[in-house]
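> Sharing a model prediction with you, sequence too.
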Amino acid sequence: MKIYGNEQSACTRSVLMVLTEKKTPVEFVNIDLAKGENKTEEHLKRNPFGKIPVLETEHQTVYEAQAINRYLDNKLDGIKLTPESDELKLRMDKWMSIDSSYFTPQAYTVVLNKIFLPMFGGETNEAAVKEACEVLKVIYKTMHDELEKSEYLAGDEVSLADISFVQYTDYLLKAQCESVVFEHENVRRWWHKMTQRESYSKLLDVIK
């Protein structure tokens, strides 16, 4: 099993979190985004959209982080990251959809403008950051409300839903957005628990 990705990529790190939870080492092939290696003909054969991560197994190639994470949870032994009950599966699916539809696009806008553009001499679009943060505030308030019901987003056990939000939340904190992320107590509590897991602190150890 092989992962094509980048250690700084939030989506790649999400997949590495799942592999760490599953205690499954993986061969890792670094894709240098700065050099455009994700747009090479070779990589476009793996993913026609030129994105990372990509999972390559003996039998098939899978792209899109959430699809990869679902595949890994289904195929690998160890902790189950999908709830058993239909009700909790629905909650997990809902939050994974919120992540891909609302959270990741807005978090990416903030992180791009506050971390990566300045790093390479670009200018921050403050209006775009402000607009994105308003959406993020709604998401974290909704998370707070959901976490009134249970320890994690889809019940009292960690799931793929929780993992979906960890890496971009981490980047938002590095972008000095504490007031957005930590406005609500339940989110602070959830974040503390997620950061105590080995899949957060030792996710790179899973790379062989």
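Happy to help now that I have it.

> Domain parsing of the chain, as residue ranges.
The chain breaks down into these domains under automatic domain parsing: 2-80, 86-199.

> How far off centre is the longest one?
So the one you mean is domain 86-199. Centroid separation between domain 86-199 and its chain, computed with CA atoms, centre = their mean, to the nearest Å, is 9 Å.

> same question for that domain, mean pLDDT?
For domain 86-199, mean pLDDT rounds to 97.

> coming back round to it: which among the domains of the chain is found nearest to Asp205?
Smallest distance to Asp205 across those (CB to CB): 7.2 Å, for domain 2-80. C-betas here are computed from N, CA, C, even on glycine.

> Report the mean per-residue pLDDT for the closest one.
Throughout domain 2-80, pLDDT has a mean value of 97.

> What is the end-to-end distance of that domain?
Terminal residues of domain 2-80 lie 21 Å apart, using CA to CA, to the nearest Å.

> what's the neighbour count on Ile3?
The number of residues packed near Ile3 is 22, by other CB atoms under 10 Å.

> list the helices and strands the host helix or strand of it packs on?
Assigned by DSSP states H and E, Ile3 belongs to strand 2-5. In terms of contacts (3 or more CB pairs under 8 Å, 6 or more residues apart in numbering; DSSP states H and E), strand 2-5 is packed against helix 10-21, strand 27-30, strand 54-56.

> For these, could you give me a markdown table that also reports distance to Glu123 and mean neighbour count?
Output for the helices and strands packed on strand 2-5, formatted as a markdown table (distance: least, CB to CB, whole Å; neighbours: other CB atoms under 10 Å):
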| stretch | distance to Glu123 | mean neighbour count |
| --- | --- | --- |
| helix 10-21 | 23 | 24 |
| strand 27-30 | 29 | 16 |
| strand 54-56 | 32 | 21 |
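
> Ok, which of those comes nearest Glu148?
Nearest of the helices and strands packed on strand 2-5 to Glu148, taken as CB to CB: helix 10-21 at 24.8 Å.

> The domains of the chain: which one's closest to Val206?
Between Val206 and these, the tightest spacing by CB to CB is seen for domain 2-80, at 4.7 Å.

> excluding its backbone neighbours, what's nearest Thr104?
Nearest in space to Thr104, with sequence neighbours left out and distances taken as CB to CB, 6 or more residues apart in numbering, is Tyr168 at 6.0 Å.

> and that neighbour, that one's in a strand?
No: applying DSSP: H, G, I helix; E, B strand; the rest coil, one finds Tyr168 to be helix, outside a strand.

> So it sits against Gln106, correct?
No: taking contacts as CB atoms under 8 Å, Tyr168 lies outside contact range of Gln106: 9.0 Å.

> if we can go back for a sec, what about the residue nearest to Thr104, how many neighbours?
Each residue near Tyr168 was counted by other CB under 10 Å, and the total is 24.

> got a list of what it touches?
Applying CB atoms under 8 Å, 6 or more residues apart in numbering to Tyr168 gives the contacts Ala10, Phe103, Thr104, Ala107, Tyr108, Val111.
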